[in-house]
Structure formats: C-alpha cells, structure tokens
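[1] Provided below are the primary sequence and the corresponding predicted coordinates.
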Amino acid sequence: MAEELKKEGTVSFEGEDLDQESELEKKVIGLAVNREYAMWAWRETKPEDVPKKPEALDDMLVIDASYGSFAGLFASSILAEMGAEVIRIEPPGGDIARKMSPFGMMIKDTGLPYLVEGGRNKYHITCNLETEEGRQLFRRLVRKADVLIETFKPGYLASKGLGYDTLSADNPGLIYCAIHSYGHFGDDTVKFGNQPDYDIIAQARGVIMSIMGEPELDPEVPQEYKRPLKHGNWMGWYVGGAWAAYGIGVAMFYKRKTGQGQFIDCSPPEGLLTISNYLLQYFHMSGNEMVRAGNYDYAVFPYTYVKCKDGYTFISGFTDPNWTALCEIMNRPDLREQFPTIKERLTPENQPKIQHEIEKFTTQYTADELLEIVTQYSRRPDKKGTVVVGRLENPTDVLQREHWHERMAFITIDDPYYGKLLVQNSSFNGMTLTPGRIKWLCRPVGADNEFIYQKYLGIGRSLLEEYKAKNVV
C-alpha cells in the first residue's frame with residue numbers, strides 16, 4: 001500500500017523504510033473506509049506542520065478587559081488561537097478569575113482554569129479603571145484596537161466615560177463586545193444587572209439546567225434525587241464565550257468591507273436557549289414542560305449510556321432496523337416483539353425497562369469487547385441495521401488513548417514561570433491553511449506592562465514606575 005501511494009504521489013515518506021511506513025499508515029488510517037483519503041487528510045493537517053503555517057487573524061488587535069468571567073476569557077482565547085494579538089487587562093491585583101480553581105489548587109498566583117483559558121497566547125497588563133489616569137490609558141489603548149471584550153455589570157464602563165458611544169467616537173471601527181447574563185437592556189437587566197454575573201446564573205436562565213438530572217419518570221430513582229443539576233463544567237460561560245467569538249468574527253468580516261465597527265450585546269443564557277433542542281417548542285405545542293430524562297431520551301431511544309463490565313458505554317439502536325439489529329446482537333428477539341415500534345420505545349414508562357434489559361447483556365462485557373461484537377455484526381451481509389457503541393471515558397482514559405496523542409489534542413508546555421503543564425490544544429489545529437495553535441500558556445499579572453505600554457502608547461519604564469506607585473497600573 002505504501003509503495004502504491006508513493007508512486008501516485010499521494011504521500012511522501014522521505015528517509016523511512018517500508019516497515020516504518022506501514023506503521024505510520026496503521027496509525028493514521030485506523031478503521032478509515034477510504035485509506036487514500038485518510039492519508040490525504042493527515043498530510044494536509046499534520047499537527048507537526050502547524051507552526052509553519054500562517055495565522056488567519058494575525059492583523060487583529062483585541063483587548064480583553066473581562067473580569068471574573070470565563071465567557072470573556074474563552075472568547076478571547078479562540079481569537080488568540082487563530083492569531084489575533086490579545087491584550088489581557090486586569091486590575092493591579094489581578095482578575096478574580098485567577099482564584100477560581102478546584103480545591104483551591106494554585107500554581108504560583110494562578111488557578112488551573114485560568115491557566116487553560118485566561119492566558120494562552122495573550123499579553124497581560126494591568127490598568128486601574130477606578131483612577132482617572134487608568135481610564136485615560138485604557139481609552140488610548142482602545143483607540144488602537146479592533147475589538148474590546150468586557151464582562152462588567154451593564155453600564156459600568158459607560159459610567160466611567162468608557163462606553164461604546166465614547167470609545168467608538170474615538171475609533172469608529174471598534175467592535176465592542178459586552179458579555180453579561182442579563183444583557184444590556186430589558187426588565188431583568190434593571191432588576192438584577194447590578195449583581196455579580198456567574199456561570200450558574202446563565203445555566204439557570206438558559207432552560208437546559210431544568211432538564212439536567214436524574215429521570216423523573218424512573219420509579220427506581222429515589223424522589224429526593226429528582227432535582228435539577230448544573231453542568232459539570234461552566235457551560236454557560238463557555239457557550240457565551242463561543243457565541244461572542246463568533247459574533248466578533250462576523251463583525252470583523254463586515255468591518256473589513258465597510259470600515260465600520262459595532263456593538264455586540266452577548267447574553268450567555270440566550271446562547272444556551274439556542275441549543276436547547278426541542279424544549280421550548282414542546283411546551284409551545286403541548287402546553288407541558290419537558291421532564292428530566294437523565295440518560296433516557298424521549299425523542300430517540302435506545303440512545304443512552306449503560307453499565308458494562310469496566311464502566312459505562314454509549315449504545316444506540318433507535319430506528320426499527322437498528323433496534324432489530326441490537327436485539328439480534330443481544331440474542332433477545334423477545335425485546336423486539338415487546339417493543340416493536342418507535343412509539344413503544346419512546347414511551348417514558350418503557351425506557352427504564354428497556355435500559356435494564358440492555359444492561360443484562362452489556363454488563364457481561366467490557367466496553368472494548370462490546371465494540372468488537374458490534375463491529376463484527378456490522379460486517380455481516382445479513383445485518384438488519386446499525387448499532388453504535390462508545391466508551392464513556394474519564395481523564396485517565398482520555399490521556400492514555402493513543403488517538404488523541406496522534407492528533408496532538410493535548411500538548412505539554414514548559415512555561416518559564418508556571419513550569420511544565422499539559423493543556424488542551426487548539427480545537428482549530430486541523431485547518432489545512434490557517435490552523436489554530438498555542439504559542440504560550442499564560443503570564444503573571446502585569447507581566448507585559450513594559451512591552452505593551454511602550455509598543456502602543458510610547459510609555460517607558462520610568463513613567464510606568466510612577467503609575468505603579470500611584471496604583472494606576
């Protein structure tokens with residue numbers, strides 16, 4: 001195979017012998033249906049080649065003035081990965097987001113979440129917006145910027161003379177992205193906008209949390225466990241940040257055509273509402289609120305996680321042909337007869353029964369053994385449908401899986417200040433021409449004051465020392 005590819009010019013392995021080529025093919029191709037396509041995709045998106053390629057946003061200057069919010073940090077991280085020059089502005093004492101960390105675990109002055117989102121590819125400076133001189137420095141910096149991201153209470157910057165109307169008068173091309181759970185107008189903004197803005201607020205207002213938790217219609221679940229649950233990660237902040245980055249990108253596209261900037265009012269709960277599936281439509285059409293389903297699903301089932309010998313695995317066999325296939329795999333024709341149509345399988349009272357019957361089979365095997373059983377069935381000429389399985393993986397499983405190492409989904413950075421740390425790679429590193437990348441991990445509070453203030457405002461070390469003495473920076 002390797003020789004054929006070399007003759008066709010599809011891929012080149014210089015200086016490698018046939019055995020090495022074959023081993024590389026095995027890793028790259030895996031179970032790909034089209035081997036040539038898998039090799040082409042690998043060659044065009046090789047993680048090792050990312051540093052040699054250009055960056056899509058290397059002409060964009062972003063100021064991230066977010067405080068206590070990973071929505072703003074995630075938005076600027078996405079832009080920084082794609083090449084934007086991002087200046088993180090913190091108060092002289094640092095952003096409170098640096099203190100948010102599991103069990104209080106800190107690496108020097110910074111918690112683990114901030115090391116992942118707060119700092120990558122960003123320059124860090126300090127500026128005290130409570131001082132007049134600090135506000136003037138901020139305003140001068142924004143005049144140079146394409147984008148400003150802020151997560152303060154609605155109207156805070158405007159009260160300091162730094163609202164969109166003032167800053168856009170200085171810089172008509174400014175894209176001003178304000179992120180807050182209550183948005184910047186409306187009744188709730190007036191009622192609640194003066195309180196701190198946390199991820200849990202976004203989750204609670206974004207409707208999805210109302211259906212997170214143990215299934216209400218499963219009689220085996222104790223009543224006290226049937227209550228709403230928040231996402232394990234800061235989903236409200238992350239969705240809000242992703243939506244903000246997308247809006248900024250679109251606004252930048254428009255600016256490139258017209259020279260005009262604009263104001264972006266980004267409310268993370270509204271981002272969650274847009275990904276809430278059919279919850280609101282179901283209420284609108286039926287007048288009933290969707291109940292918590294847990295690992296069941298009242299739109300597609302079986303489409304769930306089940307116990308197996310070494311943990312949990314996903315399993316799907318929803319449509320009639322696929323349900324028939326699953327019953328054949330389990331050697332349970334009685335289940336096919338008992339629940340023959342989608343209607344029976346979507347009946348909430350039936351789903352716990354189906355789940356438990358499936359688990360009588362899956363608990364006899366490990367996740368890998370189940371994958372092999374399903375794979376063998378898929379190769380049968382008389383197969384009735386398609387069944388999908390997939391192991392539920394914890395951090396140990398993920399970091400031991402060779403697949404992610406081959407794709408460089410994680411990288412280890414030896415930071416001169418924070419030491420050697422493993423972090424998620426850019427999720428955009430698979431682009432053929434302008435992939436995302438992580439160039440550095442984080443900076444201490446104010447680490448780039450001298451460089452940035454000199455580069456953009458011509459302020460030297462002695463004046464910065466004066467500002468520092470007055471708590472301006």
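    Sure thing, it's come through. Bear in mind the structure is a predicted one, so any value in this text is a computation, not a measurement. Residues are numbered from 1 along each chain as shown.
[2] distance of residue 316 from residue 310?
    20 Å (CB to CB, to the nearest Å). In short, each C-beta sits where N, CA and C put it, glycine included.
[3] and for stretch 319-337, what's in contact with it?
    Identification of contacts with stretch 319-337 by CB atoms under 8 Å, 6 or more residues apart in numbering yields 302, 315-317, 339-342, 345, 354, 357-358, 361, 373-374, 377, 383-387.
[4] looking at residue 316 and residue 310, which one has more neighbours?
    A count of neighbours by other CB atoms under 10 Å puts residue 316 above the other of residue 316 and residue 310, at 19 against 13.
[5] longest helix anywhere in this structure?
    Counting residues, the longest helix found in the chain (DSSP state H) is helix 235-258.
[6] for that helix, name the packing helices and strands.
    With contacts defined as 3 or more CB pairs under 8 Å, 6 or more residues apart in numbering; DSSP states H and E, helix 235-258 has these neighbours: helix 70-81, strand 147-150, strand 175-179, helix 199-205, strand 262-266, helix 268-274.
[7] where along the stretch 101-250 of the chain do the strands fall?
    106-107, 110-111, 122-126, 147-150, 175-179 (DSSP state E, counting those that start in this stretch).
[8] what does the last one rub up against?
    Residues outside strand 175-179 that contact it (CB under 8 Å, 6+ apart) are 66, 69, 71-72, 75, 146-152, 154, 164, 167-168, 184, 240-241, 244, 247-248, 251-252, 255, 261-268.
[9] residues touching the residue nearest to the spatial centre of the chain, list them.
    In the chain, the residue lying closest to the centroid (CA atoms, centre = their mean) is residue 238, at 6.0 Å. Taking CB under 8 Å, 6+ apart, we find residue 238 in contact with 70, 71, 74.
[10] what about the closest residue to residue 94 other than its chain neighbours, how many neighbours?
    The spatially closest residue to residue 94, leaving aside those adjacent along the chain, is residue 445, at 4.1 Å (CB to CB, 6 or more residues apart in numbering). The number of residues packed near residue 445 is 18, by other CB under 10 Å.
[11] before we move on, the earlier item: please check the contacts of stretch 319-337 and keep the buried ones.
    302, 315-317, 339, 345, 354, 357-358, 361, 373-374, 377, 383-385, 387 (16 or more other CB atoms under 10 Å).
[12] before we move on, what SS does residue 361 have?
    Following DSSP: H, G, I helix; E, B strand; the rest coil, the label given to residue 361 is helix.
[13] contact partners for it?
    Residue 361 neighbours (CB under 8 Å, 6+ apart): 329, 330, 332.
[14] just the ones in helices from the residues you listed, please.
    Applying DSSP H to the contacts of residue 361, the entries found in helices are 329, 330.
[15] pLDDT wise, what is the residue nearest to residue 94 at?
    On pLDDT, residue 445 comes in at 96.
[16] from residue 71, how far off is it?
    20 Å.
[17] what of residue 197?
    9 Å.
[18] which residues are in contact with both of those two?
    Shared contacts of residue 197 and residue 71 (CB under 8 Å, 6+ apart): residue 151.
[19] give me the more crowded residue out of the two.
    Legend: neighbour count by other CB under 10 Å for residue 197 and residue 71, higher for residue 71 (31 against 24).
[20] any of the contacts of strand 175-179 buried? List them.
    Neighbour counting by 16+ other CB under 10 Å classes 66, 69, 71-72, 75, 146-152, 154, 164, 167-168, 184, 240-241, 244, 247-248, 251-252, 255, 261-268 among the contacts of strand 175-179 as buried.
[21] which ones are touching the residue lying closest to residue 282 once chain neighbours are set aside?
    Leaving aside its chain neighbours, residue 282 sits nearest to residue 290 (5.3 Å; criterion: CB to CB, 6+ apart). Shown in contact with residue 290 (CB under 8 Å, 6+ apart): 211, 278, 279, 282, 283, 298.
[22] quick one, what contacts residue 152?
    Counted by CB under 8 Å, 6+ apart, residue 152 has contacts 65, 67, 178, 180.
[23] now, which of these sits nearest residue 434?
    Nearest to residue 434 among those, counting by CB to CB, is residue 65 at 26.6 Å.
[24] tell me how far that closest one lies from residue 87.
    To residue 87, residue 65 is 9 Å away according to CB to CB.
[25] do residue 222 as well
    When residue 222 is compared with residue 87 (using CB to CB), they lie 51 Å apart.
[26] burial measure for residue 398, as a count.
    12.
[27] quick one: which helix or strand includes it?
    helix 395-400 (DSSP states H and E).
[28] looking at that helix now, give me its mean pLDDT.
    Across helix 395-400, pLDDT averages out at 92.
[29] contact partners of that helix?
    391, 404, 410, 422.
[30] can you give me the helices in the stretch 51-200 of the chain?
    In the stretch 51-200 of the chain, the helices defined using DSSP state H, counting those that start in this stretch lie at 70-81, 112-113, 132-144, 156-159, 164-170, 187-192, 199-205.
[31] for the nearest residue to residue 93 once chain neighbours are set aside, phi and psi?
    Leaving aside its chain neighbours, residue 93 sits nearest to residue 445 (7.5 Å; criterion: CB to CB, 6+ apart). Main-chain torsions, residue 445, degrees, to the nearest 10: phi -60, psi 120.
[32] verify the stated contact: residue 445 with residue 125.
    No - Residue 445 is beyond contact range of residue 125, at 9.2 Å (criterion: CB atoms under 8 Å).
[33] what touches both of these two?
    residue 90.
[34] in stretch 131-142, what counts as buried?
    Under 16+ other CB under 10 Å, the buried positions of stretch 131-142 are 131, 134, 135, 137, 138, 139, 141, 142.
[35] now stretch 311-327
    312-318, 322-327.
[36] measure it end to end?
    Using CA to CA, to the nearest Å, one end of stretch 311-327 lies 22 Å from the other.
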